[in-house]
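1. model this:
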Amino acid sequence: MVTLKDILILLAVLAAYGIVGRMDYDDAVRHEEFMRTRRLEQEASCAPATTPKRADTAAAATHDPLVQAVIARDCPTSRL
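-> Predicted coordinates for the structure are as follows:
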């Protein structure tokens, strides 16, 4: 026969599963938001220069091999 103690243990286990499941879901949402923000920042930094001020900075940076290496590493290239 099922006792009150068995029912309470079952409820405690189910509550623990619910808490852990909610924590996992919240963590996944935060991770997805972080990855989306990171991707948007990366795409923004790889976008072509549109203003003259940025174009001057980008032109000056083309002669720096370190800047070129970072751009080549972080900015995906697509074949046309």
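
2. Counting by contacts, list what whichever helix in the chain runs longest packs against.
-> When every helix of the chain is counted residue by residue (DSSP state H), the longest turns out to be helix 4-46. Where contact means 3 or more Cβ pairs under 8 Å, 6 or more residues apart in numbering; DSSP states H and E, helix 4-46 is packed against helix 65-74. (C-beta placed from N, C-alpha, C; glycine too.)

3. average pLDDT for the longest helix of the chain?
-> Looking at helix 4-46 alone, the average pLDDT works out to 91.

4. Give me the contacts around stretch 7-24.
-> For stretch 7-24, there are no external contacting residues (Cβ atoms under 8 Å, 6 or more residues apart in numbering).

5. One more pass at 10 Å, please.
-> The list of residues contacting stretch 7-24 from outside it, by Cβ atoms under 10 Å, 6 or more residues apart in numbering, reads 2-3.

6. send the alpha carbons of that stretch over as PDB?
-> Included here for stretch 7-24 are C-alpha records, laid out as PDB according to Å, rounded to 0.1, in the frame of the first residue of the first chain:
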ATOM      1  CA  ILE A   7       3.600  10.200  -2.000                       C
ATOM      2  CA  LEU A   8       5.700  13.000  -0.400                       C
ATOM      3  CA  ILE A   9       8.900  11.500  -1.900                       C
ATOM      4  CA  LEU A  10       7.400  11.300  -5.300                       C
ATOM      5  CA  LEU A  11       6.200  14.900  -5.100                       C
ATOM      6  CA  ALA A  12       9.700  16.000  -4.000                       C
ATOM      7  CA  VAL A  13      11.300  14.200  -7.000                       C
ATOM      8  CA  LEU A  14       8.800  15.700  -9.400                       C
ATOM      9  CA  ALA A  15       9.300  19.200  -7.900                       C
ATOM     10  CA  ALA A  16      13.100  18.800  -8.300                       C
ATOM     11  CA  TYR A  17      12.600  17.700 -11.900                       C
ATOM     12  CA  GLY A  18      10.500  20.800 -12.500                       C
ATOM     13  CA  ILE A  19      13.000  23.200 -10.900                       C
ATOM     14  CA  VAL A  20      15.900  21.700 -12.800                       C
ATOM     15  CA  GLY A  21      14.000  21.700 -16.100                       C
ATOM     16  CA  ARG A  22      13.100  25.400 -15.600                       C
ATOM     17  CA  MET A  23      16.700  26.300 -14.800                       C
ATOM     18  CA  ASP A  24      17.900  24.400 -17.900                       C
END
